[in-house]
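**Q** here is my input, please return the structure:
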Amino acid sequence: MEATSISSSRRDNGPLSDPVAESRRLIDVFTHKNVVARLLGGAAVYVQAPAGGPILAREVKDIDIATRRGARRAATEVLVAAGYVPDEMFNALHGARRLLFYDEANARKLDVFVGDFSMCHQVPIADRLEREPLTIPLAELLLTKLQIVELTERDQRDIYNLTYHHPVTNGDGSGIEANYIAEVCARDWGLWRTTKATLERCRSEIGEYGLDAGARERIGERLTQLSQRIEAEPKTGKWKLRNRVGDRIRWYDQPEEHPQQGR
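**A** Just a heads-up that it's a prediction; the model follows:
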């Protein structure tokens, strides 16, 4: 999906009320300031959908952005200039890997993931940031959803949206690159374990979302393709050692809740 040019006057205005439009504005602001940043989360799923929106609509509440390691200061300067208020305490404690800001006019949070995406599992997102003009690559975007242990309806809708609108591919740089997802999971048993469970859950519950038979079939086939490709990938020695322990030791982190606005 191609980036849309945004006029200087719009770029310099404060945050927009629509989170998807605001997400596009922010990436334009970062680009104008020569700071590499890309969207993830629900706004990224909408940006990657066709013009009419994703097949399963859902509310986008907050904005998530990824940037490179070492870009903490530059990202902070861009966001403050764009009308955002930093959470000083959170950023002082976690700023090497994650930053938190508020759009007070629209009662909205903005997360910045620096280098890696770390929630239930760690997903590398910094190394391929410039492959897409607005969002992190589709493989990484889907992985940030598949790595969730306690899947919400919003996240499940995002998984269905991504797999409906984008083909599963194997190494040609387009669509959802199953080979990349498989390689990442082959290095991390915990991520593999959660990803497989999430794929199985999504396949089993696809009939609960009111989709027609054609959409259910397309999504189901692509989820199966992903699962099979993940299984076929040769696993690393580290993966095999962790596999011996299995579920006897917890394999995922329990991410802390964000500080609340009005803190």
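**Q** so V123: helix, strand or coil?
**A** When classified by DSSP: H, G, I helix; E, B strand; the rest coil, V123 comes out as strand.
**Q** for the closest residue to it other than its chain neighbours, what are its contacts?
**A** Leaving aside its chain neighbours, V123 sits nearest to F117 (4.4 Å; criterion: Cβ to Cβ, 6 or more residues apart in numbering). Heads up, the C-betas are built off the backbone N, CA and C, glycines and all. Shown in contact with F117 (Cβ atoms under 8 Å, 6 or more residues apart in numbering): L40, A66, V123, P124, I125, E140, T144.
**Q** got the contact list for the closest residue to the fourth one other than its chain neighbours?
**A** Using Cβ to Cβ, 6+ apart and skipping residues adjacent in sequence, the residue nearest P124 is D116, 5.7 Å away. When contacts are counted by Cβ under 8 Å, 6+ apart, D116 is found next to R97, Q122, V123, P124, I125, A126.
**Q** and the closest residue in space to the first one that isn't next to it in sequence, how far from L100?
**A** What sits nearest to R97 in space, not counting adjacent residues and going by Cβ to Cβ, 6+ apart, is V114, at 5.3 Å. Distance from V114 to L100, counting by Cβ to Cβ, to the nearest Å: 11 Å.
**Q** these two - which one has more neighbours?
**A** Remark: of V114 and L100, V114 carries more neighbours, 23 against 20, as counted by other Cβ atoms under 10 Å.
**Q** let me see the contact set for the more buried one.
**A** Counting by Cβ under 8 Å, 6+ apart, V114 has contacts 66-72, 75, 95-99, 126.
**Q** coming back round to it: buried subset of the contacts of D116?
**A** For the contacts of D116, a burial check counting by 16 or more other Cβ atoms under 10 Å picks out Q122, V123, I125, A126.
**Q** surely the last one touches G115?
**A** Yes. With contact taken as Cβ atoms under 8 Å, A126 and G115 are classed as touching, separated by 4.7 Å.
**Q** shared neighbours of the two, anything?
**A** R68, R69.
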